[in-house]
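Enquirer: Kindly generate the corresponding structure for this input.
(chains A and B)
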2 protein chains.
Amino acid sequence: LICYNPTLTGLSIRDRFVARWNTVAIFGVGLIGGSVGIALRQRGLAGQVIGIGRDASRLQKAQELGAISSYTTHAKEAARAADLAIVCTPVQIIFEHVSMLAEGGSPDLLITDAGSTKENLVREVEDRLPNVKFVGSHPLAGSDRSGVEFSRADLYEDKTVVVTTTERTDPDAVTAVTDFWTSLGANVVSMSPASHDAALARTSHVPHVIASALAALPREDELSLTAGGWLDTTRIAAADVELWRQILQENRHHVATELEQFRKRLDEFRTALIDNDSATITRLLAAGKQRRDVMGS
Amino acid sequence: LICYNPTLTGLSIRDRFVARWNTVAIFGVGLIGGSVGIALRQRGLAGQVIGIGRDASRLQKAQELGAISSYTTHAKEAARAADLAIVCTPVQIIFEHVSMLAEGGSPDLLITDAGSTKENLVREVEDRLPNVKFVGSHPLAGSDRSGVEFSRADLYEDKTVVVTTTERTDPDAVTAVTDFWTSLGANVVSMSPASHDAALARTSHVPHVIASALAALPREDELSLTAGGWLDTTRIAAADVELWRQILQENRHHVATELEQFRKRLDEFRTALIDNDSATITRLLAAGKQRRDVMGS
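Expert: I've put the predicted structure just below:
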């Protein structure tokens, strides 16, 4: 079903025609899943949105917040009714949840996810569930806070969503998942799972490791001597430890490689400082500023 | 002259009695100096505020913005009239400007500064200008933006200002400079110049080097794959290159030492990732989160 959505003011007329789903299942209704639900419902893009989780009281809260229209703790039951399912649970458990949905759903059920790493997951689904209509997704949106109470209908607006493709991915499924994220206002880019994980190591996972290490650098009695620079640089270190442990472990090969690259750049800085080498310090600072200025504040 | 300032709502009644100055000279009227001027004038803490700089058109702009009541390009002339002078110019040139003010001012002229490093400056002033009433200051306030147009009367409110003391510092001068910053709403802490520079390497200068290196890590075509974490972590990398080159070079010994400490922590992270060691990854992330949570978002 294709509908015209006039609220997508940032898009061309053509792109305002969006997919509409009868029943969408969201497995894991925290910030990410809750924001998908609120956006789908506010934009009128789904007949019903079923939340799936283990904890009925948290699902009820999500329902009260308008993120889902109903909920169940039985994934297979929700899968049976759904034509689209999005798995928004922590990365290390996504495969298991995809597997549960696939078992309960019709052969036409389209499944995607919102995990921060893609290589292991996509390989495992392709190897072990070869007949499931699955496409990996990673919306580059989030917060240092988690929980359905921070959900927002506009969380994906103008954000980038990566949709992964391999030689085994069904092109129609890619189109449908692309339409899904586009209908929430996102800009979709597609790439291989390996390219995604290597890039995200540089743009997100190494920055997280660094922020965490920087946060631990001052002594506790020196925290009053921090200012805006430290607060910004370390903000993400306050994020959920278990969530990030999983992401870093899932992507450990790329993250370790990129940490090594990063260390080389720090050594360049350090050598330039020891040598009191103004020209090199200026060159290194200017390179960082040039790249950062591209993105605005 | 001591006055009662009822606008200092965050302070005890006792602390609302603040020093009032007849003539304050501000050498360098950018974000830092401009905010001192606006705060002094809005709080009625100075009879007149004279801006000193090289560029008359920029000083005129500062006057139009209300940061100063008059200006001159002749430092000695302003020093002659002043009872307090604050040098808010880049760190590598502060000594020269203190020297110019000392030459023009009366023996009673109290001089402080707002530089981000203290050890070299204080030593140089004590060695070469032993009779000058000088106390080093460092207000921990600022922005990734610079220029008098970003000046704010509340820039120093509830911010920490370090005032440095050595065995050669005049205690009355320390009291007067402490009163000065307190009257702008700041919380003053005093410490030795060396302690300041070591702490600031950890809380500000190493984070700056890191932010700059992180900003340069993604390829330009990967910038669309950055999200809030990278934007926060690298924000300070957009700051003025020349300003930060000077700060890093002035404090290069401490910064190089702390970069080495930081590298060890990164190596711990990297080893834990290569070993797929969940417990160590969790411990390292939790240590960063624990320290960061103390400071709020």
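
Enquirer: close enough to count as contact, residue A:47 and residue A:41?
Expert: No - in this structure, residue A:47 is not within contact of residue A:41 by C-beta atoms under 8 Å, at 10.2 Å. C-beta here means a position set from N, CA and C on the backbone, and glycine is covered the same way.

Enquirer: Residue A:50 belongs to a strand?
Expert: Yes - under DSSP: H, G, I helix; E, B strand; the rest coil, residue A:50 sits within a strand.

Enquirer: what's near enough to touch it?
Expert: Contacts were defined as C-beta atoms under 8 Å, 6 or more residues apart in numbering or on different chains; by that measure residue A:50 touches A:23, A:24, A:25, A:26, A:68, A:69, A:70, A:71, A:72, A:78, A:81, A:82.

Enquirer: packing partners for whichever strand or helix holds residue A:253?
Expert: For residue A:253, the host element (DSSP states H and E) is helix A:252-274. With contacts taken as 3 or more C-beta pairs under 8 Å, 6 or more residues apart in numbering or on different chains; DSSP states H and E, helix A:252-274 sits against helix A:193-200, helix A:206-215, helix A:278-293, helix B:206-215, helix B:252-274.

Enquirer: now residue A:23, what's its secondary structure?
Expert: Residue A:23 is classified as strand under three-state DSSP.

Enquirer: Can you give me the neighbour number for it?
Expert: Neighbour count for residue A:23, taken as other C-beta atoms under 10 Å in any protein chain shown: 20.

Enquirer: what's the answer for residue A:168, then?
Expert: Other residues lying near residue A:168 total 11 when counted by other C-beta under 10 Å.

Enquirer: Contacts only, for it.
Expert: By C-beta under 8 Å, 6+ apart, residue A:168 lies in contact with A:126, A:130.

Enquirer: how does it look with 6 Å?
Expert: Contact analysis of residue A:168 by C-beta atoms under 6 Å, 6 or more residues apart in numbering or on different chains lists residue A:126.

Enquirer: Close to chain B: what parts of the stretch 1-150 of chain A are there?
Expert: Residues of the stretch 1-150 of chain A lying near chain B by C-beta under 6 Å from any C-beta of the partner chain: residue A:140.

Enquirer: The residue in the stretch 1-150 of chain A that chain B sits nearest to: how many residues sit nearby?
Expert: Closest approach between the stretch 1-150 of chain A and chain B, counting by C-beta to the nearest C-beta: residue A:140, at 4.2 Å. Residues near residue A:140, counting by other C-beta under 10 Å, number 23.

Enquirer: give me every residue that touches it.
Expert: For residue A:140, the contacting residues are A:159, A:160, B:227, by C-beta under 6 Å, 6+ apart.

Enquirer: Let's see that with 10 Å instead.
Expert: Neighbouring residues of residue A:140 by C-beta atoms under 10 Å, 6 or more residues apart in numbering or on different chains: A:116, A:156, A:159-162, A:186-187, A:189, A:200, A:203-204, B:224-230.

Enquirer: do residue A:285 as well
Expert: Counting by C-beta under 10 Å, 6+ apart, residue A:285 has contacts A:269, A:272, B:208-209, B:212-213, B:215-216, B:237, B:239-245, B:248.

Enquirer: now with 7 Å?
Expert: Contacts here follow C-beta atoms under 7 Å, 6 or more residues apart in numbering or on different chains; on that basis residue A:285 touches B:212, B:241, B:244, B:245.

Enquirer: where do the helices sit along the stretch 51-200 of chain A?
Expert: Listed in chain order, the helices of the stretch 51-200 of chain A (DSSP state H, counting those that start in this stretch) span A:56-64, A:75-81, A:94-104, A:119-128, A:171-183, A:193-200.

Enquirer: Residue A:47 and residue A:41: which has the busier surroundings?
Expert: residue A:41 (18 against 14).

Enquirer: what's the distance between that one and residue A:83?
Expert: With distances taken as C-beta to C-beta, to the nearest Å, residue A:41 is found 16 Å from residue A:83.

Enquirer: do residue A:46 as well
Expert: Distance of residue A:46 to residue A:83, given as C-beta to C-beta: 9 Å.

Enquirer: any residues in contact with both of these two?
Expert: Here residue A:46 and residue A:83 have residue A:21 as joint contacts, going by C-beta under 7 Å, 6+ apart.

Enquirer: And the helix holding residue A:253, how far out from the chain middle?
Expert: For helix A:252-274, the distance from its own C-alpha centre to the chain's C-alpha centre is 26 Å (C-alpha atoms, centre = their mean, to the nearest Å).

Enquirer: pretty sure residue A:148 contacts residue A:26?
Expert: No - at 10.4 Å, residue A:148 does not count as touching residue A:26 under the criterion of C-beta atoms under 7 Å.

Enquirer: Which one of these two is surrounded by more residues?
Expert: Per other C-beta under 10 Å, whichever of residue A:148 and residue A:26 has more neighbours is residue A:26, with 32 against 26.

Enquirer: Bridged to that one, which residues?
Expert: Taking DSSP bridges, one obtains residue A:51, residue A:86 as the residues bridged to residue A:26.

Enquirer: which residues sit in contact with it?
Expert: Taking C-beta under 7 Å, 6+ apart, one finds A:33, A:36, A:37, A:49, A:51, A:52, A:68, A:86, A:88 in contact with residue A:26.

Enquirer: Just put these in TSV and tack on neighbour count and distance to residue B:256.
Expert: Listed next are those as TSV, based on neighbours: other C-beta atoms under 10 Å in any protein chain shown; distance: C-beta to C-beta, whole Å:
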residue	neighbour count	distance to residue B:256
A:33	26	46
A:36	29	47
A:37	29	50
A:49	30	55
A:51	28	53
A:52	30	53
A:68	30	54
A:86	28	48
A:88	27	44
